[in-house]
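Asker: Build me a structure from this.
(one chain, ligands or ions: 1)
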Amino acid sequence: MAADLRVGHGFDVHRFKRGRKLILGGVEIPYALGLAGHSDADVVLHALINALLGALGKGDIGSHFPDTDPRYKGISSALLLEQVLKMVKQGKFRLVNGDITVIAEKPRLAPFAKKIRVKLAGLLKLPRQRINLKAVTTEGLGWIGQGKGMAATAVVLLAKTRRRR
Ligand code: MG
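Answerer: The predicted structure follows:
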């Protein structure tokens, strides 16, 4: 029988704000600005969560964790990811791999890419080779180029787990 595979795509944007920590993929990045948001505004994990929910056919991050709910104020997005991974498991799926692109003019993420990847692999319980992280700029164009905020995209592949005999 053919494998039951589901692809999911996620996209997220947050604007920079003073006085906030910059958390990307669960890792705190030293930078003068953080991202504004109801939670910790981890744009990488939000894109990843949206991709997982997309593959499951279960809406988006806002419908599961509304930004009007005080329970999620300042929450670590790693905890939201944990809940979504439970949904993956309950749906009898497993994550095959994920590919993330961060779109930002600043800060340069190359020095932190490995640390973020290791963190993501840990959160996802995946070998590091199965989670990829890329960073691009917009060559100075548009609001990202002007350093007003950053964006991230994620693609994931889920596979139905085999039934136990
Ligand atoms: Mg978000």
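Asker: And for residue 19, the neighbour number?
Answerer: As a burial measure, residue 19 scores 7 neighbours (other C-beta atoms under 10 Å). Yep, even glycine has a C-beta here, placed from its N, CA and C like the rest.
Asker: do the same with the one 3 residues further on
Answerer: Residues within reach of residue 22, counting by other C-beta under 10 Å, total 24.
Asker: That one: what's it in contact with?
Answerer: By C-beta atoms under 8 Å, 6 or more residues apart in numbering, the contact list for residue 22 reads 28-31, 33-35, 107.
Asker: Apply 7 Å and report the result again.
Answerer: Residue 22 makes contacts with 28-29, 31, 33-35, as judged by C-beta atoms under 7 Å, 6 or more residues apart in numbering.
Asker: And for residue 65?
Answerer: Each residue near residue 65 by C-beta under 7 Å, 6+ apart is listed here: 72, 80.
Asker: now residue 159: how far from the ion?
Answerer: Distance of residue 159 to the ion, computed by C-beta to the ion, to the nearest Å: 26 Å.
Asker: Also residue 128?
Answerer: Using C-beta to the ion, residue 128 is found at 25 Å from the ion.
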